[in-house]
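Q: Just a sequence and a predicted model for now, questions to come.
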Amino acid sequence: MFERFQHRSRELERLDIGDYTPAEYSRWQREMKYIHALFGEQRALKNTLFRDIESGGAKRFSVLDVGAGSGGLLRELGKWVSGRNSFLVGAELDEVAARSINDGEIAGVQCDALQLPFADGSFDYVFCSLFLHHLDDGSAADLLREMSRVAAKRIYVIDLNRHPTAYYAYKIFGWFVFQRFTLEDGALSILRSRTPDELRQIAKTAGLNDVKVEKSRANRLILSGK
């Protein structure tokens with residue numbers, strides 16, 4: 001029964017192949033805000049990136065979110081650092097999503113995450129959330145390498161942990177809450193995610209230093225490094 005969790009699934013999600021309607025995508029964006037708040041991305045970000053910003057005591061800092069979606073996590077970060085001199089940018093491949101990020105407080109840039117259009121060390125911190133599991137091992141290492149290139153201080157990668165308890169709990173709970181598109185892709189996301197040891201191996205391949213893999217609630221893992 002649990003053999004399927006021993007290795008990552010190679011099956012592509014509907015989100016990856018574009019097999020969804022505009023209405024499904026619009027609802028997915030709304031439901032992802034709920035998932036970020038309830039299932040742990042906000043907590044994971046607050047206990048890692050925001051913690052390090054706080055401990056650093058810098059009056060000015062910049063943050064890039066790679067694969068930012070509609071910019072929900074950046075907006076939460078903006079609330080936490082309200083009153084400080086911050087520069088927050090979301091990078092997103094989808095044109096509509098990239099435009100939706102811009103709101104006067106946050107800038108949106110449409111670009112490929114594996115070819116970020118920024119100079120080395122352009123941002124103090126770079127993070128991504130629920131993005132790495134969409135990539136194969138080679139592309140995942142390329143992403144970490146590219147994030148590290150444009151980060152002057154540290155990168156943070158928040159993703160799922162491939163575990164049967166999380167998979168079945170999500171399937172049961174999500175059936176009552178989410179549309180079929182979000183439910184099925186979310187369950188597949190868990191099967192496509194990596195274990196802590198697999199994340200460390202990807203980080204090693206990418207050449208990161210000072211690598212940490214921390215666990216957060218709701219089956220989240222946070223990889224960080226330089």
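A: Nice, thanks for sending it over.

Q: going forward, measure contacts and count neighbours with C-alpha atoms only.
A: Noted.

Q: what helix or strand is Gln115 on?
A: Here Gln115, judged by DSSP states H and E, is contained in no helix and no strand.

Q: Isn't it up against Arg145?
A: No. Under the criterion of C-alpha atoms under 8 Å, Gln115 is not in contact with Arg145, lying 10.4 Å apart.

Q: Those two - which one has more neighbours?
A: For Gln115 versus Arg145, neighbours defined as other C-alpha atoms under 10 Å are more numerous around Arg145 (21 against 11).

Q: Skipping adjacent residues, who's closest to the more buried one in space?
A: Leaving aside its chain neighbours, Arg145 sits nearest to Ala206 (5.3 Å; criterion: C-alpha to C-alpha, 6 or more residues apart in numbering).

Q: Run a quick neighbour tally on that neighbour.
A: 19.

Q: What separation is there between it and Lys226?
A: Computed as C-alpha to C-alpha, to the nearest Å, the Ala206 to Lys226 distance reads 10 Å.

Q: Now the common contact residues for those two.
A: Listed as contacting both Ala206 and Lys226 by C-alpha atoms under 8 Å, 6 or more residues apart in numbering is no residue at all.

Q: For this structure, which helix or strand comes out least confident on mean pLDDT?
A: helix 22-39 (a mean of 83; mean pLDDT, DSSP states H and E).

Q: contacting residues around the residue nearest the centre of the chain?
A: Closest to where the C-alpha atoms of the chain average out (C-alpha atoms, centre = their mean) is Ser129, at 0.9 Å. For Ser129, the contact set (C-alpha under 8 Å, 6+ apart) comprises Glu41, Val66, Gly67, Ala68, Val157, Ile158, Asp159.

Q: Can you classify the last one as helix, strand or coil?
A: Under the three-state scheme (DSSP: H, G, I helix; E, B strand; the rest coil), Asp159 adopts strand.

Q: Run a quick neighbour tally on it.
A: 27.

Q: who's it bridged to?
A: Going by DSSP bridges, Asp159 is paired in beta bridges with Leu221.

Q: After whichever strand or helix holds Ala187, which helix or strand is next?
A: Using DSSP H and E, Ala187 maps to helix 180-192. Once the chain leaves helix 180-192, the next helix or strand it forms, by DSSP H and E, is helix 196-206.

Q: Which of the residues in that following helix are classified as buried?
A: By 16 or more other C-alpha atoms under 10 Å, the buried positions in helix 196-206 come out as Pro196, Leu199, Arg200, Ile202, Ala203, Thr205, Ala206.

Q: again with stretch 167-180
A: Buried residues in stretch 167-180, counted by 16+ other C-alpha under 10 Å: Tyr167, Tyr170, Gly174, Phe178.

Q: Same check on stretch 178-195?
A: 178, 181-195.

Q: So which residues make contact with that stretch?
A: Outside stretch 178-195, the residues within contact range by C-alpha under 8 Å, 6+ apart are 4-5, 8-11, 13-15, 20, 24, 27-28, 31, 132-134, 159-163, 166-167, 170-171, 174-175.
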